[in-house]
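J.: Could you look at this predicted model? Sequence included:
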Amino acid sequence: MTAEYKVHGDIALITLNNPPVNGLGLATRQGITAGLEQAQADPAVKAVVLTGAGKAFSGGADIKEFGTPKALAEPNLLSVILAVENCSKPVVAAIHSVAMGGGLELSLGCHYRIAAPGANIALPEVKLGLIPGAGGTQRLPRVLGVEAALNMIVSGEPVKSEMLAQLPGQKLFDKMASSPEKLAEEAIAFAKEVAAKHADGSPLPLVRNLPCKHKDGDAYFQFARNMVKGMAKNFPAPAKCVDAVEAATKQKFDQGMLTEREMFINLMWTPECRALRHLFMAERAASKIPDVPEDTPQRKIEKVAVIGAGTMGGGISMNFLNAGIPVTILEMKQEALDRGVGVMRGNYEAQVKKGKLKQDKLDARMGLLKTTVNYEDIKDADLVIEAVFEEIGVKEAVFKKLDEVMKPGAILASNTSTLDVNKIASFTKRPQDVVGLHFFSPANVMKLLEVVRGEKTAKDVMATVMAVAKKIKKTAVVSGVCDGFIGNRMIEQYGRQGGFLLDEGCTPAQVDRAIEKFGFAMGPFRMGDLAGNDIGWAIRKRRYTEKPDMKYSKTADLLCEKGRFGQKVGKGWYDYVPGKRDAIPNAEVEQMIVEHRKALGITPRKISDEEIVQRLVFSLVNEAAHILEEGIANKASDIDVVYIFGYGFPVHRGGPLKYADEVGLFNVAQAMKRFQKNPLDDAKFWEPAPLIQRLVAEGKNFNG
């Protein structure tokens, strides 16, 4: 049973026990209602305490039941809350650690609430594209006041119980426990107190009966709507949160509940909500590797070494320092070390200035950092990450040296973004200990980590690095070995399409504008300028010899020949003013494109935003389908995670493959066949991948 019933004297204790966060799954809901019936049938029981075992009161819905019939089966959460409200004996919620979503809504159905200090209280449904669906928008304003409640509901962020307890006029908590350890005994004592108070049969207090008003209602809700519109333009849920809380102030409670329910169900079917729920599950699923069981033993990682103190090396080191793991950075020259450490300190000092970091934390983090120019000083590290120049000869020298000095069992990782991890592993006598850890720049900010599994990488190495990723707050996705792994292999096709669009009639600004309107953080040309156009140039030069039949627009090469490498030199596809990121279109670049078209004999045509978006996004989709088929990625949702967290794909669209599912794979394949007919594009590339053809034939999607 996932809800346990015990009696302490004249108090019944119902304890939710469904680890890890006591999710309100069907068995737990049945257990609560059975416990309430038992308590009411026992004349010796005078009151009920409802609490959670372990590390939570309740985190809300049970994610294991998402999308299954159990999620909606009776008693659903609304029915459970009704049963609590209708209980003839006082029900006291004893809240600790976590009370979120349905967990908080359940406590609001109780007659009384006592909370331990330090508990995280939240209604986070908005993060899944929803509004609270079991009375949260109707009850929370009644106990916290309209403004405080709406702020919590629209942000979805947790607030500490002791902060909420200090709000003037709050009725969320009737009492604060002296400490988390004392909560159980103080809750039982409080339950005895309220049982005595109602021994005369006086009615039990219900949150639903409290008034809910705002003195400047119309003006306040209009202001709230304007704020929300500006902040969440691609998401319908935040605006609906405002509507639902407004309903709490204008409608009778039962009517307000119906309004909330209708909004909740309508939001459930929006593409944005489907995208967010997909990502929520995808992020959790990414850490699971089919052939590496959860109980695989892990290697101990207590000391880390990083080779290279440049932008990547410094950023990578900061992740470990932030997690309290000591780091030794190795460089060839002392000046490079000093420069790198200076940049890291500067990054931390900027956070202190903004109030995001306390000075003592900065000192503690920098205190964990050692520097050296000697390989002997890193030989005891449990994990070493190489972040040197992206050239196979340089990597070879480093890995041969690491093989020589590192202790047995140390994990040797390369931060390569495109090079062959199997080849890198072959430079050592311990290929089983070698893995790719591809951090994204800036490494101390970007959440994505591509974990590249070599042919010989040991399972315990995989289990260890996935756990380490979690510790340093990264979202890790496993990739097999191929040129560019998942992310960069796909982005190459996207970049190629960007080039063809210029050849056929677009300007860089038109392409960027169309894809940014679709929701990308930045278009391909602004992204090239940020990353450095010379990086793409180096890759293309390699391609011209390795894959001479691969077709590219020559515009990017012409740009690089002019020395327009991007933001770092103040000019790329656009011009840049020092200290600003604004991309200013450049007439010389546009003229260069026009002349290039003339040289090829191409008559420019008007290209719609729709075509721009489809060619860029569907090029990602087709390449992703090949990646899945080759087993480079374990599952479609992993690719979506890579693109959301590493490449600025719009969150509200759920990733390239989720978006393709929403458009319908039949329609995607039809568009690809249209692009095949374009003589200026790459017809061979646009042949729909066999996986897409198979899914269309079977009427299926990428994500099930």
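T.: Nice, thanks for sending it over.

J.: what about the residue of the chain most remote from its centre, is that helix, strand or coil?
T.: Ranked by distance from the centre of the chain (C-alpha atoms, centre = their mean), the top residue is residue 200, with 52.6 Å. Judged by DSSP: H, G, I helix; E, B strand; the rest coil, the three-state class of residue 200 is coil.

J.: Residue 404 now?
T.: When classified by three-state DSSP, residue 404 comes out as helix.

J.: Distance-wise, check it relative to residue 427.
T.: Distance of residue 404 to residue 427, given as C-beta to C-beta, to the nearest Å: 11 Å. Yep, even glycine has a C-beta here, placed from its N, CA and C like the rest.

J.: Let's verify residue 305: helix, strand, or coil?
T.: State at residue 305, reduced to three classes by three-state DSSP: strand.

J.: check contacts around it.
T.: For residue 305, the contact set (C-beta atoms under 8 Å, 6 or more residues apart in numbering) comprises 327-330, 378, 381, 383-385.

J.: Residue 522 is in contact with residue 512, isn't it?
T.: Yes: contact criterion C-beta atoms under 8 Å: residue 522 and residue 512 qualify, at 6.9 Å.

J.: Give me the more crowded residue out of the two.
T.: Between residue 522 and residue 512, counted using other C-beta atoms under 10 Å, the more crowded position is residue 512 (26 against 17).

J.: In the stretch 451-600 of the chain, mark out all the helices, start to finish.
T.: Listed in chain order, the helices of the stretch 451-600 of the chain (DSSP state H, counting those that start in this stretch) span 459-471, 487-504, 508-518, 524-531, 533-546, 555-561, 587-600.

J.: any idea which of those helices is most buried?
T.: helix 524-531 (a mean of 24; mean count of other C-beta atoms under 10 Å).

J.: angle of it against helix 508-518?
T.: For helix 524-531 against helix 508-518, the angle by axes from the mean of the first three to the mean of the last three C-alpha atoms, to 10 degrees is 100 degrees.

J.: what angle separates helix 524-531 from helix 533-546?
T.: 100 degrees.

J.: Who are the packing partners of helix 524-531?
T.: Contacts defined by 3 or more C-beta pairs under 8 Å, 6 or more residues apart in numbering; DSSP states H and E place helix 524-531 against helix 487-504, helix 508-518, strand 574-575.

J.: among those, which is nearest residue 62?
T.: helix 487-504 (32.5 Å; C-beta to C-beta).

J.: Against which helices or strands is that closest one packed?
T.: helix 508-518, helix 524-531, helix 555-561, helix 587-600, helix 609-629, helix 636-646.

J.: Quickly, which of those bottoms out on average pLDDT?
T.: Note on the helices and strands packed on helix 487-504: lowest mean pLDDT is at helix 524-531, with a mean of 91.

J.: before we move on, the earlier item: TSV for the helices and strands packed on helix 524-531, including distance to residue 61?
T.: Listed next are the helices and strands packed on helix 524-531 as TSV, based on distance: least, C-beta to C-beta, whole Å:
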stretch	distance to residue 61
helix 487-504	32
helix 508-518	31
strand 574-575	46
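
J.: Quick one: closest of these to residue 147.
T.: Across the helices and strands packed on helix 524-531, residue 147 has its closest neighbour in helix 508-518 (33.6 Å, C-beta to C-beta).

J.: How many neighbouring residues does residue 141 have?
T.: If you count neighbours by other C-beta under 10 Å, residue 141 ends up with 27.

J.: Three-state assignment for it, please.
T.: Three-state call for residue 141 (three-state DSSP): helix.

J.: Surely it and residue 151 touch.
T.: No: using C-beta under 8 Å, residue 141 is not in contact with residue 151, being 10.7 Å away.

J.: circling back to that earlier point, would you turn the contacts of residue 305 into TSV with neighbour count and pLDDT?
T.: Below are these laid out as TSV (neighbours: other C-beta atoms under 10 Å; pLDDT from 0 to 100):
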residue	neighbour count	pLDDT
327	25	97
328	20	96
329	25	97
330	25	95
378	24	96
381	25	96
383	27	97
384	26	97
385	26	97
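
J.: Name the nearest of the residues you listed relative to residue 678.
T.: Nearest to residue 678 out of the contacts of residue 305 is residue 385 (C-beta to C-beta; 43.3 Å).

J.: quick one: that closest one is in a strand?
T.: Yes: if the criterion is three-state DSSP, then residue 385 is within a strand.

J.: What's opposite it in the beta bridge?
T.: residue 306, residue 413 (DSSP bridges).

J.: Report the contact partners of it.
T.: Under the criterion of C-beta under 8 Å, 6+ apart, the neighbours of residue 385 are 304-307, 316, 413-415, 437.

J.: Restricted to buried residues, select those residues in PyMOL.
T.: Typed into PyMOL, the next command selects the buried ones out of the contacts of residue 385 (criterion: 16 or more other C-beta atoms under 10 Å):
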select buried, resi 304+305+306+307+316+413+414+415+437
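
J.: which of the contacts of residue 385 sit farthest apart?
T.: Taking C-beta to C-beta, no two of the contacts of residue 385 sit farther apart than 304 and 414, at 14.3 Å.

J.: contacting residues around the closest residue to residue 619 other than its chain neighbours?
T.: Spatially, and ignoring its direct neighbours in sequence, residue 619 is nearest to residue 493 (4.2 Å; C-beta to C-beta, 6 or more residues apart in numbering). Listed by C-beta under 8 Å, 6+ apart, the contact set of residue 493 reads 619-620, 622-623, 685.

J.: Kindly reformat those as TSV containing neighbour count.
T.: Formatted as TSV, the contacts of residue 493 follow (neighbours: other C-beta atoms under 10 Å):
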residue	neighbour count
619	27
620	24
622	24
623	22
685	17
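
J.: from the residues you listed, which two are the most distant?
T.: Spanning the widest gap among those are 620 and 685, at 12.0 Å by C-beta to C-beta.

J.: Give the buried residues for the helix or strand bottoming out on mean pLDDT in the chain.
T.: Lowest on mean pLDDT, DSSP states H and E among the helices and strands of the chain sits helix 69-72, with a mean of 84. Buried positions in helix 69-72, judged by neighbour count with 16+ other C-beta under 10 Å: residue 71.

J.: Can you spell out which helices and strands pack onto it?
T.: Secondary-structure packing of helix 69-72 (3+ C-beta pairs under 8 Å, 6+ apart): no helix or strand packs against it.

J.: which residues are in contact with that helix?
T.: 25-26, 61-62, 65.

J.: for the residues you listed, which one is nearest residue 161?
T.: Distances from residue 161 to those, taken as C-beta to C-beta, are shortest for residue 61 (21.0 Å).

J.: residues contacting the closest one?
T.: Each residue near residue 61 by C-beta under 8 Å, 6+ apart is listed here: 23-24, 71, 77, 101-102.

J.: likewise residue 316?
T.: Counting by C-beta under 8 Å, 6+ apart, residue 316 touches 306, 385, 387, 415, 439, 443-444.

J.: give me that answer again for 7 Å
T.: When contacts are counted by C-beta atoms under 7 Å, 6 or more residues apart in numbering, residue 316 touches 306, 385, 387, 415, 439, 443.

J.: Which secondary structure state is assigned to it?
T.: Under three-state DSSP, the three-state class of residue 316 is helix.

J.: number of nearby residues for the nearest residue to residue 513 once chain neighbours are set aside?
T.: With sequence-adjacent residues excluded and distances taken as C-beta to C-beta, 6+ apart, residue 513 is closest to residue 523, at 7.1 Å. By other C-beta under 10 Å, the residues close to residue 523 number 25.
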